[in-house]
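Q: Just to be clear, the model below is a prediction. Sequence and coordinates:
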Amino acid sequence: MRYLLDTHVLIWLACSPERVPVGIRTQLANPQNGRLVSAVTVMEITTKYRLGKLPQCEPFVRDWDRTLDRLMATEIPLTAAQAHAAGSLVWDHRDPFDRMLAAQAIDLCVPLVSGDARMATLPGLDVRWL
């Protein structure tokens, strides 16, 4: 199974894994399960770092590839079709990063690993937080 990681999950796995439930960490540690990280996450982290909201993410900004390697994660692009779907979602959630991640997970038919309860309000989105 492949899992798309929400931005906060990636940050927590890298910086404070104890914040991620044991069940999720166990699933993600299984080498047969793929860990996907969206290009959207890169933009969200670098934007919030630049704005001073995520100072702890300097290592991600400085050496993104190393972070992905350490977490055994695969970076995936956001397609125009996924961006279109994100903008078209009938969902009362305004965060553009969350909308893009949700649309991407739906399009790829993969669960989104997220502790954000708002994500679970989108019909058709498989949210995992064990």
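A: Structure received.
Q: Do you know the pLDDT at the residue nearest to L125 when sequence neighbours are not counted?
A: What sits nearest to L125 in space, not counting adjacent residues and going by C-beta to C-beta, 6 or more residues apart in numbering, is A102, at 5.2 Å. Bear in mind the C-beta positions are built from the backbone N, C-alpha and C, glycine included. Reported pLDDT at A102 in the predicted model: 98.
Q: Quick one: low-confidence residue ranges for this structure.
A: Scanning the chain with the threshold set as pLDDT under 70 gives 130.
Q: Just the strands from it, written as ranges.
A: In the chain, the strands defined using DSSP state E lie at 2-5, 34-38, 73-76, 112-113, 127-128.
Q: out of the ones you listed, deepest packed?
A: strand 112-113 (a mean of 27; mean count of other C-beta atoms under 10 Å).
Q: Pull the residues that contact that strand.
A: 3-6, 9, 24, 28, 101-102, 105, 119, 125-129 (C-beta atoms under 8 Å, 6 or more residues apart in numbering).
Q: Surely L10 is in contact with L71?
A: Yes - with contact defined as C-beta atoms under 8 Å, L10 counts as touching L71 (7.1 Å).
Q: before we move on, back to that, show me the one of the strands of the chain that comes nearest C57.
A: strand 34-38 (13.4 Å; C-beta to C-beta).
Q: elements contacting that closest one?
A: strand 2-5, strand 73-76, helix 96-108 (3 or more C-beta pairs under 8 Å, 6 or more residues apart in numbering; DSSP states H and E).
Q: in the longest one, what counts as buried?
A: Think helix 96-108. F97, D98, R99, M100, L101, A102, A103, Q104, A105, I106, L108 (16 or more other C-beta atoms under 10 Å).
Q: repeat for stretch 9-24
A: V9, L10, I11, W12, L13, A14, V20, I24.
Q: now, which of those residues sits nearest L51?
A: Distances from L51 to these, taken by C-beta to C-beta, are shortest for I11, at 15.1 Å.
Q: The closest residue to that closest one other than its chain neighbours - how many residues pack around it?
A: Distance criterion C-beta to C-beta, 6+ apart; nearest residue to I11, sequence neighbours excluded, is C57 at 6.5 Å. The tally of other residues near C57 (other C-beta atoms under 10 Å) stands at 20.
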